[in-house]
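S.K.: just the structure for this:
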Amino acid sequence: MVLAVLLAHQCLADRPPPRRQAPLVRTGGSWSLSSRASKPSNVNDRDKCKFCVDFAHNAIQTIGEAILEGGLTQGCEKLCSIVANKTGSQAVGLACDGLCALVGFDEFVHAFEKADVDPIYYCELLKQCPIVDNGDATITKLTVTPKSGPQGDFLIDMEYETKNGTGTGELLIYVDPVDGLPLGASFLNEPQDPGKYDAQITLHAVPQQGCEVACESFEPGVYNVTMHVCNGQCMSHHPHSKIYDKKKTNFTITGPAPTDPSRL
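M.R.: As a prediction, the model looks like this:
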């Protein structure tokens with residue numbers, strides 16, 4: 001069982017970093033996150049939290065379907081085999097088996113029924129993610145580099161400070177293109193001790209080749225950026241969830257990316 005969980009953890013860890021794409025209504029572009037903390041955290045058990053949230057983001061919408069298809073009364077193995085088939089991922093199936101066996105079948109299913117589609121709250125109910133309700137965070141800096149330029153990479157650099165520490169939550173970013181249909185991504189923000197932190201998010205603002213439906217073209221104009229730092233999932237109605245702070249800025253796309261002479 002331990003080996004299976006380790007293998008599943010590695011496979012889930014290889015997935016792209018964005019945690020939730022629900023706000024997105026357009027495809028095109030891509031996101032990446034790099035972050036560094038000026039003060040290390042002493043909060044323990046963060047690896048199991050990340051493992052649980054990675055699993056929940058991949059499988060939480062299929063667990064309900066698996067329950068309806070006979071998994072409710074047949075235990076972890078049957079339920080998780082249905083989840084694996086529905087997601088098409090053996091890694092998700094292994095993660096499901098390991099987590100279900102760890103917390104117990106009844107708790108595994110009961111937490112799903114309470115959490116709806118909120119992966120962070122789900123993992124808090126399973127006692128895999130720490131709960132901190134007296135946390136806080138204030139965004140002290142939000143910039144975009146370059147401030148103006150052609151299609152390409154735009155680095156969104158943020159800094160924030162917390163006096164009491166933070167709970168298990170996320171960084172959520174919205175970008176409003178000139179057509180008004182938002183792009184966005186979210187990233188798990190694991191519990192942090194009091195201190196100053198920063199994060200850098202890169203938006204690769206280039207039209208996606210071969211995209212045919214609901215494609216973001218990154219037309220010239222002003223792009224408004226809103227960054228959120230949250231406890232729990234941003235905008236969630238579940239307990240242990242709140243927006244610590246949000247801040248806005250913008251950048252301008254001036255035109256298409258320069259042509260690469262080597263491809264002519």
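S.K.: what comes up buried for stretch 106-119?
M.R.: Residues 108, 109, 111, 112, 115, 117, 118, 119 are the ones in stretch 106-119 that count as buried (16 or more other C-beta atoms under 10 Å). Quick note: C-beta positions are derived from backbone N, CA and C, even for glycine.
S.K.: I'd like the average pLDDT over it.
M.R.: Taken as a whole, stretch 106-119 has an average pLDDT of 88.
S.K.: ok, now which ones touch residue 121?
M.R.: Contacts were defined as C-beta atoms under 8 Å, 6 or more residues apart in numbering; by that measure residue 121 touches 114, 115, 232, 233, 236, 238, 239, 240, 241.
S.K.: just the helices in the stretch 101-250 of the chain please.
M.R.: In order along the chain, the stretch 101-250 of the chain carries the following helices (DSSP state H, counting those that start in this stretch): 105-115, 119-125.
S.K.: drop anything exposed from the contacts of residue 121.
M.R.: Among these, those classed as buried by neighbour count (16+ other C-beta under 10 Å) are 115, 232, 233, 236, 238, 240, 241.
S.K.: reformat the buried residues of stretch 106-119 as a markdown table; add distance to residue 95.
M.R.: Output for the buried residues of stretch 106-119, formatted as a markdown table (distance: C-beta to C-beta, whole Å):
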| residue | distance to residue 95 |
| --- | --- |
| 108 | 12 |
| 109 | 16 |
| 111 | 15 |
| 112 | 14 |
| 115 | 16 |
| 117 | 17 |
| 118 | 18 |
| 119 | 12 |
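S.K.: so which of the buried ones among the contacts of residue 121 sits lowest on pLDDT?
M.R.: Within these, pLDDT reaches its minimum at residue 115, with 82.
S.K.: residues near the closest residue to that residue other than its chain neighbours, how many?
M.R.: Sequence neighbours aside, residue 122 is the residue nearest to residue 115 in space, at 3.7 Å (criterion: C-beta to C-beta, 6 or more residues apart in numbering). Counted by other C-beta atoms under 10 Å, the residues lying close to residue 122 total 26.
S.K.: was I right about residue 122 contacting residue 113?
M.R.: No: under the criterion of C-beta atoms under 8 Å, residue 122 lies out of contact with residue 113, with a separation of 10.0 Å.
S.K.: just to revisit the earlier point, gap between the residue nearest to residue 115 and residue 101?
M.R.: Going from residue 122 to residue 101 by C-beta to C-beta, to the nearest Å gives 17 Å.
S.K.: could you do residue 59 as well?
M.R.: From residue 59 across to residue 101, the span is 15 Å (C-beta to C-beta).
S.K.: more crowded one of the two?
M.R.: residue 59 (24 against 17).
S.K.: what sits in contact with each of residue 122 and residue 113?
M.R.: By C-beta under 8 Å, 6+ apart, no residue touches both residue 122 and residue 113.
S.K.: next SSE after the lengthiest helix in the chain?
M.R.: Counting residues, the longest helix found in the chain (DSSP state H) is helix 46-66. Following helix 46-66 in sequence order, the next helix or strand is helix 75-87 (DSSP states H and E).
S.K.: all set, thanks.
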